[in-house]
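Novice: with the sequence up front, the predicted model follows.
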Amino acid sequence: MDFKIECTGGRGEREKHRCETHRLVASRMCPNWGCGSNLQPRGPEDTCFEFGVFPAILSFPLDYPLSPPKMRFTCEMFHPNIYPDGRVCISILHAPGDDPMGYESSAERWSPVQSVEKILLSVVSMLAEPNDESGANVDASKMWRDDREQFYKIAKQIVQKSLGL
């Protein structure tokens, strides 16, 4: 994954400092994959996404850390927890409080004590172990459940495309 850290809204000194802090945290998370806002981690080992390089944007709202950041892959992805437009759907990025659908506890959702490290680890974990029970991509969820071989084939094609092959 090529994580780009982006802050939305104002660009005062406080926001600039906050963005730089997030970039430093992200670069410490993945020291072997580059630095700053252009990290280049690979898909999780021993998964169908292994070796893939998937550009993504992590956007922080003005009221961060009270509200969660948003994450969106900017490349083609086929995964139960990634919407077709690239938005990531995992508990840690959902607004604090009770889940109106009842799928996740409030403890799994965003809170101001969460960190960039935890978000990145959660995304890597999501790629390795999809949750098909509350899928953002219905087709990917169904295929993950019913035709794992075909899912792996599509994932392999996406990895190859991410590498320019």
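Specialist: Good, I have the coordinates.

Novice: let me see the contact set for the residue positioned nearest the centre of the chain.
Specialist: Of all residues in the chain, the one closest to the mean position by Cα atoms, centre = their mean is Val123, 4.2 Å from it. Val123 makes contact with Met1, Ala56, Met71, Val88, Ile90 under the criterion Cβ atoms under 8 Å, 6 or more residues apart in numbering. Every C-beta, even on glycine, is put in place using the N, C-alpha and C of the backbone.

Novice: in a helix, that's where it is, yeah?
Specialist: Yes: according to DSSP: H, G, I helix; E, B strand; the rest coil, Val123 belongs to a helix.

Novice: picking up where we left off before, highest neighbour count among the contacts of Val123?
Specialist: Met1 (25 neighbours; other Cβ atoms under 10 Å).

Novice: quick check, pLDDT for that one.
Specialist: Met1 is assigned 48 on the pLDDT scale.

Novice: make residue 1 into 35 and carry on from there
Specialist: I'll keep to 35 as the first residue from here, and by that count the last item is Met35.

Novice: where along the protein do the strands fall?
Specialist: 36-41, 89-94, 104-107 (DSSP state E).

Novice: show me where this structure has its helices.
Specialist: Assigned helices in the chain, in chain order: 47-63, 150-162, 172-180, 182-196 (criterion: DSSP state H).

Novice: pLDDT weak spots in this protein?
Specialist: The chain contains residues with pLDDT under 70 at 35-76, 135-136.

Novice: try 50
Specialist: 35-36, 43-46, 49, 63-74 (pLDDT under 50).

Novice: excluding its backbone neighbours, what's nearest Ile126?
Specialist: Ser156 (4.8 Å; Cβ to Cβ, 6 or more residues apart in numbering).

Novice: separation between the residue nearest to Ile153 when sequence neighbours are not counted and Ser168?
Specialist: Leaving aside its sequence neighbours, Ile153 sits nearest to Ile126 (Cβ to Cβ, 6+ apart; 5.9 Å). To Ser168, Ile126 is 14 Å away according to Cβ to Cβ, to the nearest Å.

Novice: with neighbour numbers in mind, choose between those two.
Specialist: Ile126 (22 against 16).

Novice: contact partners for that one?
Specialist: Pro102, Glu142, Arg143, Trp144, Gln148, Lys152, Ile153, Ser156.

Novice: now with 10 Å?
Specialist: 102-103, 105, 138, 142-145, 148-149, 152-153, 155-157, 159-160 (Cβ atoms under 10 Å, 6 or more residues apart in numbering).

Novice: likewise for Ser168?
Specialist: Pro114, Asn115, Cys123, Ile124, Ser125, Asp133, Met135, Gly136, Tyr137, Glu138, Ser175.
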